[in-house]
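Asks: I would like the atomic coordinates for the input below:
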Amino acid sequence: PASITFKGNNIMKTLNQERVKELFDYDFSTGLLTRKLKSGKRRLCGHKPISEGYGKVKIDGKMLLTHRVIWFWVHGTWPAEIDHIDRDRMNNRNNNLREVCHQENQHNASLRQDNSSGFRGVSWHKVTGKYQVVISKACKQIHIGLFSSFDEAVYASKLAKIKHHPSSPIAKEYLRELCL
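Replies: As a prediction, this is how the structure comes out:
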């Protein structure tokens, strides 16, 4: 949508791109947002990680994620979700942000903390004594196979990522790596 309605300070307000550009300047080269002050000066804002590694800015009493405000400032629409292509939550350069659905965003997520193999999609299968590769697509798990060595499992996982998630930045990274 081209505007968002939220309740701030008990007043319903509609935030549109014009209002955001009235409040902020955006530097495409650095990805930084600066608040325009009444004095005519500028103040850097939303550049420190506050919420789960993301920056936030306050607009009309409402805290919003910096990267979402930047997307709106640049594109004039509020995205469903934003993916930081390089997975750096503070790199808000426009060329590092892309609008995605939730599932696509998960394909570019960092390695989970509970991952014991050290590689996405690869786990140890106790029953068979082999490495198992599983990938998800359309909210369903796809069993890629069981492998005797960790290296074989990693290779199979990379190929599966390229096949099933070709638009993912991680898949593109794997493709470049495998083509070298």
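Asks: could you use CA atoms for every contact and neighbour count after this?
Replies: OK.
Asks: for the longest helix that the chain contains, buried residues please.
Replies: Assignment by DSSP state H gives helix 150-164 as the longest helix of the chain. Neighbour counts over helix 150-164 (16 or more other CA atoms under 10 Å) mark 150, 153-154, 156-162 as buried.
Asks: pLDDT and distance to residue 144 added to those, as a markdown table?
Replies: Below are the buried residues of helix 150-164 laid out as a markdown table (pLDDT from 0 to 100; distance: CA to CA, whole Å):
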| residue | pLDDT | distance to residue 144 |
| --- | --- | --- |
| 150 | 96 | 14 |
| 153 | 96 | 9 |
| 154 | 94 | 11 |
| 156 | 96 | 8 |
| 157 | 93 | 8 |
| 158 | 93 | 11 |
| 159 | 94 | 10 |
| 160 | 93 | 7 |
| 161 | 90 | 10 |
| 162 | 92 | 13 |
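Asks: tell me the one of the residues you listed nearest residue 108?
Replies: residue 161 (10.6 Å; CA to CA).
Asks: tell me how far the closest one lies from residue 137.
Replies: According to CA to CA, to the nearest Å, residue 161 and residue 137 sit 10 Å apart.
Asks: distance to residue 82 added to the buried residues of helix 150-164, as JSON lines?
Replies: Compiled in JSON lines, the buried residues of helix 150-164 are given as follows (distance: CA to CA, whole Å):
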{"residue": "150", "distance to residue 82": "33"}
{"residue": "153", "distance to residue 82": "30"}
{"residue": "154", "distance to residue 82": "28"}
{"residue": "156", "distance to residue 82": "28"}
{"residue": "157", "distance to residue 82": "25"}
{"residue": "158", "distance to residue 82": "24"}
{"residue": "159", "distance to residue 82": "25"}
{"residue": "160", "distance to residue 82": "24"}
{"residue": "161", "distance to residue 82": "20"}
{"residue": "162", "distance to residue 82": "21"}
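Asks: which one of these sits closest to residue 104?
Replies: residue 161 (12.2 Å).
Asks: contacts only, for that closest one.
Replies: Going by CA atoms under 8 Å, 6 or more residues apart in numbering, residue 161 touches 135, 170-171.
Asks: helices or strands next to the helix or strand containing residue 173 in the packing?
Replies: Assigned by DSSP states H and E, residue 173 belongs to helix 169-179. Using 3 or more CA pairs under 8 Å, 6 or more residues apart in numbering; DSSP states H and E as the contact test, the elements touching helix 169-179 are helix 150-164.
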